[in-house]
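Q: the sequence and its predicted three-dimensional model are supplied below.
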Amino acid sequence: MIDRRRRALLGGLAGLPLASLPGCAGEPTFTQAGFTVFGQVWTLRFADTPTEQVNAAVNAAQGIVEPLYRRLHPWRDSELTRLNRQLAEHGEAAASAEVRALIRAARPLFEASHGRFDPSIGGLIALWGFHRDAGDTPITPPAESVLDAWLADAPSLDDVRIDDERVITTNPRVQFDFNALAEGFAAEQVLDALKTAGITDCLLDSGGDLYTLGQAGRRDWQLGIRDPRGDPRGRETLGGVRVSGPHALCSSGSYERRLRYRGKRFGHIIDPLTARPTRHNSGTTVLGRDPVIADGAATALMLLSPAEAEQFARHLGLDGILLVTENGRPWRDAGMQSAMSTTPAGRAIDWHTP
C-alpha cells in the first residue's frame, strides 16, 4: 500500500499570499493564506478571523508540517529511515511518540482492510521503484519471481508490537512508510493547534484533502468532489458535500503516477497481499471525522471492491465513501449519498451499486 501523492480528486483552495475576501453586508470575511512543503501547497481559509491571529496560525501550521514531513520521509535520511535500519539490524528500536502513534493509527485500517492497508511494506514500495521523487526516470516493474519471493516472507503489521517507547518486530523485513497517513496526521496536529489558539472557523486544504473546523461564517462549508475520470486540473465534479464542525474529506487515485506492465496500465498503489498494483478503483473519496483515519481510508479503499468497501466503512465508522471503479463506474454508499448535496449542472451521473 502506497499513496504518493493523490492530489486532484477534491476541489480545494489555491494560492499562498495572505488574501482577504470581504463579504457583503452581514456576510463573513474570509482570509486565505498558506505555505509549500516539498512542493505541496497547504492553504488555510479563515472566516471572520483577525489578521494577527491568521498570521500566527499559518506560521504555527508550517512549523508543524515541515518538520514532521522531514522526520517521516521514507527514503531520504530521516528519523524514519534510521528507525527502519535499526529494525532490520536489531529487530527493535526506540521510536518517537509520533511514530508510535502512527503505528497505532494504522491498526484499525489494517484490520478493516484485512491486511491490505499496511505501512510496514516500505521494502515492497522500494522494490517497485516508488521510493523516488516524481519526475524521475520511468519505473521498471520487478520480475514476477522477485515479487513471489517477497510474498514468501512478507512483513506485516502483525509482526510489530510496541513496548513502552520501543518498536519490536519479529520480521527484519519490516520497513515503515507512513505516506498514506502522514498528511492526515499532520492535519490533525494543525487543527489541534488552531483550536488551542482560539480559532473556531477554518478550512484546511493540504493540497487536495480538506479538513474543516466550525463554519464558513454562519453557513456550512461547501466542498466539491472532483471526478477522477476527467482532467485532474479541470473542474469536473461528481457533486459536493456541506459540512460544519470537524470533518475530513480525503481522496486517493491512480491518476497521478502510472506504469505500463505487460501491456496494461497500473496505478502506483500496491496490494501487499499480491505484491502487485491494485486495479479495483481509479479514485476514492472518504468523508469522516478523524483526519488520520479518513486519510488512510482513502488509500485503503483503492484496494477494495465496492462490496468490500461497505463493510470497511462500517467497521471504521466513516460518514460516507465514494468510489470510481477502474472501468469508470461511480459508486457511493448510503452515507455519501445522503451527504452529497449537489449534482453537477447539466450532467446525469449513472450511480451504481455493488
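A: Good, I have the coordinates. Model, not experiment: these values are computed from the prediction.
Q: use CA for all of it now, contacts and neighbours both
A: Will do.
Q: helix/strand/coil for the closest residue to R332 other than its chain neighbours?
A: Sequence neighbours aside, L322 is the residue nearest to R332 in space, at 4.3 Å (criterion: Cα to Cα, 6 or more residues apart in numbering). Under the three-state scheme (DSSP: H, G, I helix; E, B strand; the rest coil), L322 adopts strand.
Q: burial count for the closest residue in space to R219 that isn't next to it in sequence?
A: Once flanking residues are discounted, R219 sits nearest to S244: 7.9 Å by Cα to Cα, 6+ apart. Look at S244: counted by other Cα atoms under 10 Å, it has 16 neighbours.
Q: show me where the stretch 151-300 of the chain has its strands.
A: For the stretch 151-300 of the chain, applying DSSP state E, counting those that start in this stretch gives strands covering 160-163, 166-169, 202-205, 210-213, 221-226, 237-243, 247-253, 258-261, 264-267, 270-271, 276-277, 281-288.
Q: most tightly packed of these?
A: Mean neighbour count (mean count of other Cα atoms under 10 Å) peaks for strand 247-253 among the strands of the stretch 151-300 of the chain, with a mean of 29.
Q: ok, back up a step: among the strands of the stretch 151-300 of the chain, which comes closest to T140?
A: Closest approach to T140 among the strands of the stretch 151-300 of the chain (Cα to Cα): strand 258-261, 8.2 Å.
Q: could you export the longest helix along the chain as PDB, CA atoms only?
A: Counting by DSSP state H, the longest helix found in the chain is helix 51-71. Provided in PDB are the C-alpha atoms of helix 51-71 (Å, rounded to 0.1, in the frame of the first residue of the first chain):
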ATOM      1  CA  THR A  51      -5.200  39.100  10.600                       C
ATOM      2  CA  GLU A  52      -2.700  38.800  13.500                       C
ATOM      3  CA  GLN A  53      -4.400  35.500  14.500                       C
ATOM      4  CA  VAL A  54      -4.300  34.300  10.900                       C
ATOM      5  CA  ASN A  55      -0.600  35.000  10.600                       C
ATOM      6  CA  ALA A  56       0.200  33.200  13.900                       C
ATOM      7  CA  ALA A  57      -1.900  30.200  12.900                       C
ATOM      8  CA  VAL A  58      -0.300  29.900   9.500                       C
ATOM      9  CA  ASN A  59       3.200  30.100  11.000                       C
ATOM     10  CA  ALA A  60       2.300  27.500  13.600                       C
ATOM     11  CA  ALA A  61       0.900  25.200  10.900                       C
ATOM     12  CA  GLN A  62       4.100  25.400   8.800                       C
ATOM     13  CA  GLY A  63       6.100  24.900  12.000                       C
ATOM     14  CA  ILE A  64       4.200  21.600  12.400                       C
ATOM     15  CA  VAL A  65       4.000  20.200   8.900                       C
ATOM     16  CA  GLU A  66       7.500  20.800   7.500                       C
ATOM     17  CA  PRO A  67       9.500  19.300  10.400                       C
ATOM     18  CA  LEU A  68       7.100  16.400  10.600                       C
ATOM     19  CA  TYR A  69       7.400  15.600   6.900                       C
ATOM     20  CA  ARG A  70      11.200  15.700   7.300                       C
ATOM     21  CA  ARG A  71      11.200  13.300  10.200                       C
END
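Q: show me what it is packed against.
A: Under the contact definition 3 or more Cα pairs under 8 Å, 6 or more residues apart in numbering; DSSP states H and E, helix 51-71 sits against strand 30-37, helix 179-196.
Q: just send these back as a markdown table, with mean neighbour count too.
A: Converted to a markdown table, the helices and strands packed on helix 51-71 look like this (neighbours: other Cα atoms under 10 Å):
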| stretch | mean neighbour count |
| --- | --- |
| strand 30-37 | 20 |
| helix 179-196 | 20 |
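Q: on that earlier part again, dump the strands of the stretch 151-300 of the chain into TSV; add distance to Q32 as well.
A: Listed next are the strands of the stretch 151-300 of the chain as TSV, based on distance: least, Cα to Cα, whole Å:
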stretch	distance to Q32
strand 160-163	41
strand 166-169	40
strand 202-205	9
strand 210-213	14
strand 221-226	14
strand 237-243	19
strand 247-253	19
strand 258-261	33
strand 264-267	34
strand 270-271	36
strand 276-277	38
strand 281-288	23
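Q: comparing those strands, which yields the minimum mean pLDDT?
A: For the strands of the stretch 151-300 of the chain, mean pLDDT drops lowest on strand 258-261, to a mean of 59.
Q: still on that earlier bit, would TSV of the helices and strands packed on helix 51-71 with distance to P172 and mean pLDDT be doable?
A: Below are the helices and strands packed on helix 51-71 laid out as TSV (distance: least, Cα to Cα, whole Å; pLDDT from 0 to 100):
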stretch	distance to P172	mean pLDDT
strand 30-37	32	93
helix 179-196	21	96
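Q: out of the ones you listed, nearest to F130?
A: In terms of Cα to Cα, the element of these nearest to F130 is helix 179-196, at 11.5 Å.
Q: alright, I will stop here.
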